[in-house]
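Novice: Sharing a model prediction with you, sequence too.
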Amino acid sequence: MPAPLRLRLDGDALVQNWRTLDRMSGRAACGAAVKANGYGLGAIEVARRLADAGCRDFFVSNWQEAAELAPLGLTVSVLHGVRDEDMAAALAGFARPVLNTAGQVGRWKAEGGGPCDVMVDTGMNRLGVSTDDIAAGLLDGLELETLMSHLACADEESPMNEVQRNRFAALAGRTSARRLSLANSAGIGLGTDYAFDLTRPGLALYGGIPRSDLVDAIRAVAAIEAQVLQCRRVGAGQTVGYNATWTAKTDTEVAIVNLGYADGYFRGFSNAGTARAGDTALPVIGRVSMDLVAIDVSRAPSVHEGMWLALDFVFPEAAAVSGVSQYELLTSLGARFKRSWI
């Protein structure tokens, strides 16, 4: 059935963002994080376009995500490593595990696993083996492709960035790893000293701006459009939506559109978001509900039932308005959208 919600995706912007990040990575190769269904945009379509553009390294969270990409024949690394339950898939060879714990390393060695990557913790205290583990020979005997770590504060001017970089740089030559990889999107913005051999951008590929110095370099990829279900006049003094959070000061023309927080258009946009009819900005009024949003269309008399309106969803402005991070906004875009690449 035709969907009442559209997610218009700019394939050229996606590719140009990757090329920009590739250029900023200097001599390092530039990969792509396509976990969480390509940050909500569709992992298969994203990966296919980036592979055609020259990207050769892709990153997902788990083996289910890796299996979905398997038909594309790409080089995929699984960031969460390998559990007992994952071993059959991991040994099938359609992706490499990123080993994160001594247990995972032991499991991989015991099964005679082949090429792998390893995550080392340099200060984030999330996933990764320790530098002490490496010094003790934990990784000896592995067919190690990439040794990687992850920056905790790359989106800020934090002294921790340099601390982590230096800890990671000190591991060069201490393992059999062919490549070193540290920088995510924000890490690329810190400069080529953080690029090492391979960068792993995610958010910035999809139009997110993790650091202010990337504002002029990154293009928007996703645009939301929702169809008008009903137009109505709300009289002065009447309210709109749950809990009556908006009251009409004068008679107001209101459009109700087929969109809500179940689609990733969160309640933080209540009385704060903006829609557009052409170039005319139209305020979201009242509380965003699960499936519906009300919009003041008094300045756009041509708006009618069945018409499509665009919702402002450009980063980082949308994050500032809604109080929800750019990552959450992207990855929460729901399944009810018809995703159309242009």
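Specialist: Thanks, I have it.
Novice: my guess is residue 45 contacts residue 339, does it?
Specialist: Yes. Using CB atoms under 8 Å, residue 45 makes contact with residue 339 at a distance of 7.5 Å. Any C-beta I mention is one placed from the backbone N, CA and C, and that applies to glycine too.
Novice: what touches both of the two?
Specialist: Common neighbours of residue 45 and residue 339 (criterion: CB atoms under 8 Å, 6 or more residues apart in numbering): residue 9.
Novice: Where does the record place the domain boundaries for the chain?
Specialist: When the chain is parsed with automatic domain parsing, its domains come out as 11-209, 222-313.
Novice: what ranges do the strands span in the stretch 151-300 of the chain?
Specialist: Assigned by DSSP state E, counting those that start in this stretch, the stretch 151-300 of the chain shows strands spanning 179-181, 198-199, 222-234, 239-240, 246-247, 252-258, 274-277, 280-285, 292-296.
Novice: Run the angle between the last one and strand 252-258 for me.
Specialist: Orientation note: strand 292-296 sits at an angle of 150 degrees relative to strand 252-258 (axes from the mean of the first three to the mean of the last three CA atoms, to 10 degrees).
Novice: Identify the neighbouring strands of strand 292-296 in the sheet and state each direction.
Specialist: strand 252-258 (antiparallel), strand 280-285 (antiparallel) (DSSP bridges).
Novice: That strand vs strand 222-234, what angle?
Specialist: Using the same axes, to 10 degrees: strand 292-296 against strand 222-234 is 70 degrees.
Novice: need the next SSE after strand 292-296, C-terminal direction.
Specialist: Remark: after strand 292-296, the chain's next helix or strand is strand 308-311, criterion DSSP states H and E.
Novice: for that following strand, which positions count as buried?
Specialist: 309-311 (16 or more other CB atoms under 10 Å).
Novice: now stretch 173-184
Specialist: Going by 16+ other CB under 10 Å, stretch 173-184 has these buried residues: 175, 177, 179-184.
Novice: Quick one: those as JSON lines, columns for distance to residue 118 and pLDDT too.
Specialist: Output for these, formatted as JSON lines (distance: CB to CB, whole Å; pLDDT from 0 to 100):
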{"residue": "175", "distance to residue 118": "8", "pLDDT": "97"}
{"residue": "177", "distance to residue 118": "7", "pLDDT": "98"}
{"residue": "179", "distance to residue 118": "11", "pLDDT": "98"}
{"residue": "180", "distance to residue 118": "11", "pLDDT": "98"}
{"residue": "181", "distance to residue 118": "10", "pLDDT": "98"}
{"residue": "182", "distance to residue 118": "13", "pLDDT": "98"}
{"residue": "183", "distance to residue 118": "17", "pLDDT": "98"}
{"residue": "184", "distance to residue 118": "17", "pLDDT": "98"}
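Novice: In a markdown table, list the strands of the stretch 151-300 of the chain along with distance to residue 73.
Specialist: Formatted as a markdown table, these follow (distance: least, CB to CB, whole Å):
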| stretch | distance to residue 73 |
| --- | --- |
| strand 179-181 | 21 |
| strand 198-199 | 19 |
| strand 222-234 | 26 |
| strand 239-240 | 52 |
| strand 246-247 | 52 |
| strand 252-258 | 38 |
| strand 274-277 | 41 |
| strand 280-285 | 44 |
| strand 292-296 | 41 |
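Novice: Please identify which of these is closest to residue 72.
Specialist: Nearest to residue 72, of all these, is strand 198-199, at 19.4 Å by CB to CB.
Novice: and that closest one, how far out from the chain's middle?
Specialist: Distance, stretch centre to chain centre, for strand 198-199: 17 Å (CA atoms, centre = their mean, to the nearest Å).
Novice: Over to stretch 245-263?
Specialist: 29 Å.
Novice: Quote the end-to-end distance of that stretch.
Specialist: With CA to CA, to the nearest Å applied, stretch 245-263 spans 21 Å between its terminal residues.
Novice: so residue 27 touches residue 196, yeah?
Specialist: No. The pair residue 27 / residue 196 is not scored as a contact, 9.6 Å apart, by CB under 8 Å.
Novice: Neighbour count: those two, which is higher?
Specialist: residue 196 (26 against 8; other CB atoms under 10 Å).
Novice: Please report the distance of the nearest residue to that one once chain neighbours are set aside from residue 195.
Specialist: Leaving aside its sequence neighbours, residue 196 sits nearest to residue 180 (CB to CB, 6 or more residues apart in numbering; 4.0 Å). With distances taken as CB to CB, to the nearest Å, residue 180 is found 9 Å from residue 195.
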